[in-house]
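S.K.: how does the following fold in three dimensions:
(2 chains)
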Number of protein chains: 2
Amino acid sequence: MALPIRPTLQAVRKFAVAQAQCRFYSAPTDGSIPAAKQRFVSNEGIYPKGFVVGSAHAGVKPSNTTRDDVAIVASEELCAAATFFTKNKFAAPPVTVSRNIVRKRKGSGLQGVVINSGCANAVTGKDGFADALSMSRAMDDLFGGQTESDGQIQGNDDASLGRSLVMSTGVIGQRLPIDKILSTIPKIKSKLGSSHEHWLSVAKAVMTTDTFPKLVSRQFTLPSDPNTTYTLAGFSKGAGMIHPNMATMLSVICTDVRILPAQLQEAGKDAVNESFNSITIDGDTSTNDSLAIFANGAATPPSSNGIEEFKGPDFKHFRKELKALAADLAKLVVLDGEGATKFVTIRVKAASVADGRIVGRSIAVSPLVKTALYGKDANWGRILCAIGNVRNPVIDPSSVSVSFDIPGTKSGHLSLVEKGRPQLPIDEAVAKQILDEEAVTINVDLISDSSVEGFYSTVWTCDLSHEYITINGDYRT
Amino acid sequence: MALPIRPTLQAVRKFAVAQAQCRFYSAPTDGSIPAAKQRFVSNEGIYPKGFVVGSAHAGVKPSNTTRDDVAIVASEELCAAATFFTKNKFAAPPVTVSRNIVRKRKGSGLQGVVINSGCANAVTGKDGFADALSMSRAMDDLFGGQTESDGQIQGNDDASLGRSLVMSTGVIGQRLPIDKILSTIPKIKSKLGSSHEHWLSVAKAVMTTDTFPKLVSRQFTLPSDPNTTYTLAGFSKGAGMIHPNMATMLSVICTDVRILPAQLQEAGKDAVNESFNSITIDGDTSTNDSLAIFANGAATPPSSNGIEEFKGPDFKHFRKELKALAADLAKLVVLDGEGATKFVTIRVKAASVADGRIVGRSIAVSPLVKTALYGKDANWGRILCAIGNVRNPVIDPSSVSVSFDIPGTKSGHLSLVEKGRPQLPIDEAVAKQILDEEAVTINVDLISDSSVEGFYSTVWTCDLSHEYITINGDYRT
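M.R.: Okay, the predicted model is just below:
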């Protein structure tokens, strides 16, 4: 089988920090990828069978006169879908429309998704709902008229029913230039394809303040049949990492395995928890956050047709593959955090994964920790302060140990606090060495009793820089 | 009776925003007050009887070669105290020592407080505890040996017992240069006094990244005795407003009324809730946050001696006065937020004050809202997004109304959302006029039923600027 194709995430360690302070962290207006970020973009990829993708330029944002900003991802045959949406009370119309469609169809009979960047179509009321619905229908129209199942389901009298999901990202509180978008969607039909270039164009079309397209793919076989190769591919849009949860995160993952919708949803939930939810805060999301996973079964051998349920080992393996792909995508989102100059991994050992994640996030969202990392200031007291602010789980300060990984060593740690006792004086030379790197790893151990095993959780985040303010202070223009 | 003496907070509206983008938002290294902030600093004040204050230079931070950084506030006679400390699990040794003293003394028999800036003495273990204790004892020594009550209470065998509280602010995780501090404390004795200049020197000595001293005073009479004038005075140290809660906030308030410790604590709790807790998040605080209120009874007529309990109307009036003084101090802390260029008032009408405060804070801590305000970008969708992220209370989007106050009008509002319906298109010219002002007021109404009265709460915050990053990225040096 082929090896997984993905950008060299390891390259981050060597990422020249000196360059990191230049302005290239803003998305270049000409659509080019900053030199320092090019290593995160694949030159090749292998994509799942039976999916076609494409994009075109509509000019959703008036200032965008050239860049594609409408994209389509479609399965040639109707497929299964698992979806994960924002929990924000002001969920945008595209979220409402998509959720309705998936619910009514019980996760099957889906065509794919149409996406626009440049305007989130959020807090736009009934007009916005109608706009999102019209986008879904315009995509449906590209792939033929009503199917038999449409007819059955439309009997349910749901005005929002269609086969195509909708995602939007961009400024909140403005209407979509819907005519521009509706006239652009049909133009995409002739541009659909399944090459790496097609997928890259779609990953680029969904970018807003992103500086590079986030696209990954990998291949795998299942234990029950080593002769059939399956493929997973996905792309993400997302930036704005100070509170990662506040940025719109869109993600689409496609695979050519055949899987029951309920199993796809189950596997997806698991993958999201250990990827996007490790860079975001559960239930604390933007108006438009959406993740869709489509599975069309196009790689499943004809002899297997009709067999839709994954057996134990196959399902376990698929979950692992999906999780790995989602984690790669999530890391790319962090690596493209608005203004980010550092990739920060926070590993927490605690009585449970959930406890550890709460503590990891308290550190990850602390602006004082994030600015200290940006300034390469070994102000580790701020890390402890962030830990000490957690109310639940109850932290026992005398059980807390904190260390930095020392780069270039396999298991070297710079201990900052050992079971509550500060390890003063800190070796400032080693601290400087650690903070000069772009990748910084913070280890937190909340369990003082070394005979207790504990559970590990990981949170990824980035630092908070001047560039973040520049990007976010003037976003609408 | 004399009028309250306080800085002209109203002046904020006229604060030239153009100036706000210069570097002067950092604390000037020569200790001077930036021109734009001078209006927030009183030229005069009237201070409570029986208190003496003073400061001196110890050089806690090696780079500080001139500025006073150790201060003392003392009551000539032992007095009552109400205290409020951080809830951070890594509470610093000065907090632990002070809390022990106040508890053992049940809020009476206190001398005052000794404060240093430049180093927080936080996460410094047993050595740090010993350092804090030695500061308390050094101040005790200035005001004579053990009192009779000391002897009684020392029978309780508490090593930390003293009559003087301790506060420290500055970098976390470093030991105090305790010898420097202990040799400086005695030098303050000859510099103690009760003039405006004395109080100003103390308010300056506690500054870290503050750009101006925050000192307020006011006088009042009690309903039962219009012939006796009492005085309240206080100063604060605090900055770092992105998550206001994460910055060290120190505050000392003194008054010459005579009041029972339990009543002082009760009135203080109320005042803190509607002042410092309206700019900070309960239970989510820095390692050193401390507020002490001292009351020595020095203005109480001799004929009243022995009468310590406030009667109803007097107590009610005192609470009001204390609350007003605390609110003035808290607003000054926001006005000196690190890098702040805007003073933002968020008024929320909700089913309860507590509900409203949760929603107000969700808006106040949103970096996307704060950067939009800095960039004068009327990206009001981010305000809704922040509201929509609140889980408890449960928000009904169709009940939410949001507006900006229009400056220069008495009751003019720019409506953004009316009972969940976006008021598109927004008048961008008016929005620009609003955001060009330094003072911005956001109104949120969560109650759609106009026959329901609702409760109002107010949260104050500031914007998030480039300057914040500069200050916090390089704090320890």
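S.K.: which strand residues bridge A:D445?
M.R.: Following DSSP bridges, A:D445 is listed with bridge partners A:K349, A:S401.
S.K.: count of neighbours near it?
M.R.: Using other CB atoms under 10 Å in any protein chain shown, A:D445 is surrounded by 21 other residues. From N, CA and C alone the C-beta is placed, and that goes for glycine too.
S.K.: and if you look at the one 10 residues further on?
M.R.: Counted with other CB under 10 Å, the neighbours of A:F455 add up to 15.
S.K.: leaving out the residues flanking it, which one is nearest to it?
M.R.: Nearest-residue entry for A:F455: A:V353, 4.8 Å, with adjacent residues in sequence omitted and distances by CB to CB, 6 or more residues apart in numbering or on different chains.
S.K.: quick one: residues in contact with the helix or strand harbouring A:T461.
M.R.: A:T461 is part of strand A:455-462, with elements assigned from DSSP states H and E. With contact meaning CB atoms under 8 Å, 6 or more residues apart in numbering or on different chains, strand A:455-462 is reached by A:241, A:244, A:278-279, A:330-331, A:334-335, A:337, A:340-357, A:360-361, A:363-365, A:370.
S.K.: pLDDT score for A:R67?
M.R.: On the pLDDT scale, A:R67 is placed at 94.
S.K.: would you mind measuring from it to A:P213?
M.R.: 12 Å (CB to CB, to the nearest Å).
S.K.: neighbour count winner among the two?
M.R.: A:P213 (25 against 20).
S.K.: now that one: phi and psi?
M.R.: Backbone torsions of A:P213, given as degrees, to the nearest 10, read phi -70, psi 140.
S.K.: how far away from the center of its chain is stretch A:452-459?
M.R.: In this view, stretch A:452-459 has its centroid 23 Å away from the chain centroid, taken as CA atoms, centre = their mean, to the nearest Å.
S.K.: okay, that stretch in CSV with CA atoms only?
M.R.: Provided in CSV are the C-alpha atoms of stretch A:452-459 (Å, rounded to 0.1, in the frame of the first residue of the first chain):
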residue,chain,number,x,y,z
VAL,A,452,-0.8,6.1,40.0
GLU,A,453,-0.7,5.7,36.2
GLY,A,454,-2.8,8.7,35.2
PHE,A,455,-4.2,9.6,31.7
TYR,A,456,-2.5,11.8,29.2
SER,A,457,-4.2,14.5,27.1
THR,A,458,-2.7,16.9,24.6
VAL,A,459,-3.7,20.4,23.6
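S.K.: pLDDT of that stretch, averaged?
M.R.: Rounded mean pLDDT across stretch A:452-459 is 90.
S.K.: again with stretch A:405-416
M.R.: 88.
S.K.: try stretch A:97-107
M.R.: For stretch A:97-107, the per-residue pLDDT averages 95.
S.K.: okay, buried residues for it please.
M.R.: Residues of stretch A:97-107 classed as buried: A:V97, A:S98, A:R99, A:N100, A:I101, A:V102, A:R105, A:G107 (neighbour count, 16 or more other CB atoms under 10 Å in any protein chain shown).
S.K.: tally of neighbours for A:Q38?
M.R.: 13.
S.K.: helix/strand/coil for the nearest residue to it once chain neighbours are set aside?
M.R.: Residue nearest to A:Q38 in three dimensions, not counting chain neighbours: A:F212, with 7.3 Å by CB to CB, 6+ apart. The local conformation at A:F212, judged by DSSP: H, G, I helix; E, B strand; the rest coil, is coil.
S.K.: what sits against A:F212?
M.R.: So A:F212 contacts A:I33, A:P34, A:K37, A:Q38, A:F40, A:V41, A:D336 (CB under 8 Å, 6+ apart).
S.K.: any idea how far the second one is from A:F212?
M.R.: It stands for A:P34. Distance from A:P34 to A:F212, by CB to CB: 7 Å.
S.K.: what helix or strand does the nearest residue to A:G59 once chain neighbours are set aside sit in?
M.R.: Setting aside the residues directly before and after it, A:G59 is nearest to A:K180 in space (CB to CB, 6+ apart), at 5.9 Å. For A:K180, the element it lies in under DSSP H and E is helix A:178-188.
S.K.: who are the neighbours of that helix, in terms of helices and strands?
M.R.: When contacts are defined as 3 or more CB pairs under 8 Å, 6 or more residues apart in numbering or on different chains; DSSP states H and E, helix A:178-188 packs onto strand A:51-56, strand A:70-85, helix A:125-142.
S.K.: one more time with 10 Å, if that's ok
M.R.: The helices and strands touching helix A:178-188, judged by 3 or more CB pairs under 10 Å, 6 or more residues apart in numbering or on different chains; DSSP states H and E, are strand A:51-56, strand A:70-85, strand A:110-119, helix A:125-142.
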